[in-house]
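Trainee: I'll drop the sequence and a predicted model, then ask my questions.
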Amino acid sequence: MNKTCFCMGVTLGINELKAVTSEMARYENMDYTGLSFSFLKRRLAYVFDKLRVRKLVTFSERLKEIDFRDDVKYYMAVKVTEMFRDPGFWRSVRHNLFPALGKEFNVWFPDTPSGEELFSFLVLLKENELIDSVKVICQHPSEKLCNEISEGVLEVKDPELNHSNYKRLEERDRFETYFKEENGILRFDKALLKNCHFRVGAPGVAEEEEMFDFIVFRNSGINYAYGRHEELFKNIVDHIHPGGFLAIGVKESIPGNLNDFLMVVDEKESIFRKAGIKNE
Amino acid sequence: MSKNMEISDRKFKVVVIGGSAGSFSIVSKILSNLDPGFPVPLVLCLHRLKHVRSGLVEGLNLKSKIPVIEPFDKEKLKPGVAMLAPSNYHLFVEFDSTISLSTEDVHNHSRPSIDYAYSSAAYAFREKTLGIILTGANKDGAKGLKDIGDKKGYTIVQDPATCDVETMPQAALKLFQPDQILTPDEIVKVLNSLVG
């Protein structure tokens, strides 16, 4: 079977994909070997296109450049294309999680490919008077991407959709007060970021002993193959406090071996709670 | 496998139906007239509103002779089960007979993209793929259906004269010559010829 990837004139077969990901994995936070073959095939085609790479050998050579590596990590990220994607999910966070979590809690976004999910959450915190007391950690392998999000900058993709999703949350209609639109970008009020910490790191890899009350890991796990998918989720669940929550994409499922550790809070919105009580 | 072989003699691993504007009633008609013993996994990739996650699968199930589900990521294809691409996700058919979902950017202004569903099935199952394109208002699906044809799979285009909006079938016909151009009733006959 001819499994090939056509990237601006570069044809990558499965063996070449394995070789190039092994080579990338030698560099910090560039281990993409656990991604599913088909996702990798598409994504590398996209990265080659964005970085105007026409030959595999050029790609390998340029991996030695730190800026090029960060560009690769930047474009490997699948950006979320709208704010408040799945309004029902955000409603459920407000109705089911906030009352259970109280005033002070911490949140981890283990793979933050763009600002849409983060700023949706921050707006929700602000409107529920939690913005001063909740600590948020955002993580991504690309330093450039972390810097971009930490500046409160989002590319304007579909402002009407953002607004209509927000309105479906049945929040007060003041969405436009959170950002300014200039030259095709949204600049969010940086005051929303006062308790946000950004760090460069591989998706889903927390620091030792670090525990969270709520982990938001939506639609990242779908890009991984079975083995890494299970490993990643196990690691993430290990870092949830007893009684803490995990949110995944609405069409993702928890690997079977972890179902015993998690209770369903909202099946439709894929929100789960770890068994136990905090500080138990 | 010879492309000229009788379609009823071919052993397909997947049937992928794509449609957009006006396709709900056609898909519903196909599903309600299918033989309950339909032996092949069926994938439905229909353009739908991003923010409306429920209603479509329930609507299709009302009359369908086979179960219609919205799959989760990494779910296995099942013979005689129709899997409807969830709203706001692309759906890909994989080599191991599972489906994978993705939130990658829209393609042809669409997510799910019919091109992606067809092309992935063509790469995964080659000549064992049957692709059917229905009525619709943009060109999404035309390129993917051609990919199925290029891999010696079987391709059917709904007769534009029977379409609410003929843009999508016409886009396919401009790109390549499909194996058949059929009315909805004829499509049902072809699908039921795959039984037994």
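Mentor: Sure, I can see it.
Trainee: what does the stretch 51-200 of chain A have sitting close to chain B?
Mentor: A:78-82, A:85-88, A:161, A:164-165, A:168 (Cβ under 8 Å from any Cβ of the partner chain). For glycine as for every other residue, the C-beta is placed from the backbone atoms N, C-alpha and C.
Trainee: columns distance to A:Cys138 on top of those residues, output as CSV?
Mentor: Rendered in CSV, the data for these read as follows (distance: Cβ to Cβ, whole Å):
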residue, distance to A:Cys138
A:Val78, 16
A:Lys79, 14
A:Val80, 13
A:Thr81, 18
A:Glu82, 18
A:Arg85, 17
A:Asp86, 19
A:Pro87, 22
A:Gly88, 23
A:Leu161, 23
A:Ser164, 25
A:Asn165, 21
A:Arg168, 25
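Trainee: what's the burial count for B:Pro45?
Mentor: Just so we're on the same page, residue B:45 is Cys rather than Pro. 30 (other Cβ atoms under 10 Å in any protein chain shown).
Trainee: assumed it was part of a strand.
Mentor: Yes. Checked against DSSP: H, G, I helix; E, B strand; the rest coil, B:Cys45 lies within a strand.
Trainee: what segments of the stretch 1-150 of chain A are strands?
Mentor: If DSSP state E, counting those that start in this stretch is used as the criterion, the strands of the stretch 1-150 of chain A fall at A:4-7, A:10-13, A:106-109, A:135-140.
Trainee: now the first one: average pLDDT?
Mentor: This points to strand A:4-7. Strand A:4-7 shows an average pLDDT of 45 in the prediction.
Trainee: which stretches in chain B count as helices?
Mentor: If DSSP state H is used as the criterion, the helices of chain B fall at B:23-32, B:56-63, B:114-125, B:142-150, B:167-175, B:184-192.
Trainee: for residue 168, what are its contacts?
Mentor: Just so you know, I chose chain A. A:Arg168 sits next to A:Phe84, A:Pro87, B:His51 when contact means Cβ atoms under 8 Å, 6 or more residues apart in numbering or on different chains.
Trainee: chain B was what I was after
Mentor: Applying Cβ under 8 Å, 6+ apart, the residues contacting B:Met168 are B:18-20, B:133-142.
Trainee: most surrounded residue in the residues you listed?
Mentor: Ranked by neighbours (other Cβ under 10 Å), these are led by B:Gly141, which has 34 neighbours.
Trainee: angles on the backbone of that residue, please.
Mentor: Dihedral angles of B:Gly141 (phi, psi; degrees, to the nearest 10) stand at phi 110, psi -30.
Trainee: against B:Pro67, how distant is the closest residue to it other than its chain neighbours?
Mentor: With Cβ to Cβ, 6 or more residues apart in numbering or on different chains as the criterion, B:Gly141 has its nearest non-adjacent residue at 3.5 Å, and that residue is B:Ile114. Separation of B:Ile114 from B:Pro67 (Cβ to Cβ, to the nearest Å): 22 Å.
Trainee: which of the strands of the stretch 1-150 of chain A has the lowest mean pLDDT?
Mentor: When the strands of the stretch 1-150 of chain A are compared on mean pLDDT, strand A:4-7 scores lowest, with a mean of 45.
Trainee: which parts of chain B sit against chain A?
Mentor: With Cβ under 8 Å from any Cβ as the criterion, chain B meets chain A at residues B:50-51, B:53, B:70-74, B:86, B:88-89, B:92, B:94-95, B:100-106, B:120, B:123, B:126.
Trainee: let me know how buried A:Ala225 is, in neighbour terms.
Mentor: As a burial measure, the neighbour count of A:Ala225 was computed by other Cβ under 10 Å and equals 19.
Trainee: from the contact counts, what lies against the top strand by length along chain A?
Mentor: Determined from DSSP state E, the single longest strand within chain A is strand A:240-248. Taking 3 or more Cβ pairs under 8 Å, 6 or more residues apart in numbering or on different chains; DSSP states H and E as the contact definition, the neighbouring helices and strands of strand A:240-248 are helix A:98-101, strand A:212-217, strand A:271-274.
Trainee: which of the ones you listed sits most buried?
Mentor: Greatest average neighbour count among the helices and strands packed on strand A:240-248 goes to strand A:212-217 (a mean of 24), per mean count of other Cβ atoms under 10 Å in any protein chain shown.
Trainee: just want the angle from that one to strand A:135-140.
Mentor: In this structure, strand A:212-217 runs at an angle of 30 degrees to strand A:135-140, with axes from the mean of the first three to the mean of the last three Cα atoms, to 10 degrees as the basis.
Trainee: give me the sheet partners of strand A:212-217 and which way each runs.
Mentor: Counting by DSSP bridges, the strands paired with strand A:212-217 are strand A:106-109 (parallel), strand A:240-248 (parallel).
Trainee: reformat those as CSV; add distance to B:Asp35.
Mentor: Shown next, in CSV, are the strands paired with strand A:212-217 (distance: least, Cβ to Cβ, whole Å):
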stretch, distance to B:Asp35
strand A:106-109, 48
strand A:240-248, 37
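Trainee: buried deepest among these, which one?
Mentor: Per-stretch averages of neighbours, counted by mean count of other Cβ under 10 Å, single out strand A:106-109 among those, with a mean of 24.
Trainee: which secondary structure element of chain B has the lowest mean pLDDT?
Mentor: Evaluated with mean pLDDT, DSSP states H and E, the helix-and-strand set of chain B has its lowest mean pLDDT in helix B:56-63, which scores a mean of 94.
Trainee: that one versus helix B:23-32: what angle between them?
Mentor: Using the same axes, to 10 degrees, helix B:56-63 lies at 40 degrees relative to helix B:23-32.
Trainee: low-confidence regions, chain A specifically.
Mentor: When the per-residue scores of chain A are filtered using pLDDT under 70, the ranges that remain are A:1-11, A:170-173, A:279-280.
Trainee: could you chop it up by domain?
Mentor: Following automatic domain parsing, one finds the domains of chain A at A:4-76, A:87-274.
Trainee: next up, the contacts around residue 186.
Mentor: No chain was given, so I picked chain A. Going by Cβ under 8 Å, 6+ apart, the list of residues near A:Leu186 reads A:Val153, A:Leu154, A:Glu155, A:Val156, A:Pro159, A:Phe179, A:Lys180.
Trainee: switch to chain B, please.
Mentor: If you count contacts by Cβ under 8 Å, 6+ apart, then B:Glu186 has B:Gln180 around it.
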